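Student: sequence plus the predicted model coming up.
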Amino acid sequence: MAIRVFLLDDHPIVREGIRSLLESEPDIEVVGEAGTAAEAMTRVPLARPDVAILDVRLDDSSGVEVCRDLRSTMPELACLMLTSFADDEALFASVMAGASGYVLKQIKGGDLIANVRRVARGESLLDPKVVARVIERITNPPTNDPGYESLSAQERRILDLIAEGQTNRQIAERMFLAEHTVKNYTTTLLRKLKMNNRTEAAIYATKLRAEGPGAETP
């Protein structure tokens, strides 16, 4: 049976190019496409693809968030993240979202086709060392504070960025999330830490950094 592929990219010409490339292969069928995250969330469940090729950066959200949301209801779906440039934060977010691969748009056509086939077979294109670093960040928080340990990996990352003075919009762009998603994460982490505002959270996070394993001793 043909590998069923769905395309998400906010540039029609990019979608057209990828569709043309993939459909030149007898064992691959493009079963749908979308230009926004909202369209993808509606169309992908109906199309039932084996592989979703998702642009990391979108106007209304991000492919990373789409990957996370789709795989929560379609765990068998293999997501291949497509981006214009390498970014460690996007790569980390992609691993957290359950993506099977992360490739640059500069990839050669033959390599993209091969990668689609690989993830469709259940293989991962992610470097094991990268996955190991993600697991390390999740399982080894810098403190034994019970409030901090109750935070999810995403909430901890957002707390770090709040400490850097980032706004919700800036955090959303940095982590490839929708701004309202960041706002929800922030509300939740403040509740878990029993804090009233971002300023308290920023002071708390700064103190954690100072007391962490890498802190300098006087």
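Tutor: Perfect, I can see it now. Computed from a predicted structure; not experimentally measured. Numbering: from 1, shown residues only.
Student: the closest residue in space to Asn168 that isn't next to it in sequence sits in which helix or strand?
Tutor: Distances taken as C-beta to C-beta, 6 or more residues apart in numbering put Val182 closest to Asn168, at 4.7 Å, once the chain neighbours are dropped. (C-beta placed from N, C-alpha, C; glycine too.) Assigning secondary structure by DSSP states H and E places Val182 in helix 179-193.
Student: can I get the following helix or strand past that helix in PDB? Just the C-alpha atoms.
Tutor: Per DSSP H and E, the first helix or strand lying C-terminal to helix 179-193 is helix 198-211. C-alpha atoms of helix 198-211 as PDB (Å, rounded to 0.1, in the frame of the first residue of the first chain):
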ATOM      1  CA  ARG A 198       5.500  36.700  36.700                       C
ATOM      2  CA  THR A 199       7.800  38.900  38.800                       C
ATOM      3  CA  GLU A 200       7.700  36.500  41.700                       C
ATOM      4  CA  ALA A 201       8.300  33.600  39.200                       C
ATOM      5  CA  ALA A 202      11.300  35.500  37.700                       C
ATOM      6  CA  ILE A 203      12.900  36.100  41.100                       C
ATOM      7  CA  TYR A 204      12.300  32.500  42.000                       C
ATOM      8  CA  ALA A 205      13.900  31.200  38.800                       C
ATOM      9  CA  THR A 206      16.900  33.500  39.100                       C
ATOM     10  CA  LYS A 207      17.400  32.200  42.600                       C
ATOM     11  CA  LEU A 208      17.300  28.600  41.400                       C
ATOM     12  CA  ARG A 209      20.000  29.400  38.800                       C
ATOM     13  CA  ALA A 210      22.200  30.900  41.500                       C
ATOM     14  CA  GLU A 211      21.800  27.900  43.700                       C
END
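Student: now for helix 198-211, which elements pack on it?
Tutor: Helix 198-211 is packed against helix 153-163, helix 179-193, with contacts defined by 3 or more C-beta pairs under 8 Å, 6 or more residues apart in numbering; DSSP states H and E.
Student: where does this protein dip in pLDDT?
Tutor: 86, 88, 130, 133-146, 209-218 (pLDDT under 70).
Student: which residue ranges of it form strands?
Tutor: 3-8, 28-34, 51-55, 78-83, 101-104 (DSSP state E).
Student: counting by contacts, list what the third one packs against.
Tutor: Right, the one you point to is strand 51-55. Going by 3+ C-beta pairs under 8 Å, 6+ apart, strand 51-55 lies up against strand 3-8, helix 37-47, helix 63-73, strand 78-83, helix 109-120.
Student: go again with 10 Å.
Tutor: strand 3-8, helix 12-23, strand 28-34, helix 37-47, helix 63-73, strand 78-83, strand 101-104, helix 109-120 (3 or more C-beta pairs under 10 Å, 6 or more residues apart in numbering; DSSP states H and E).
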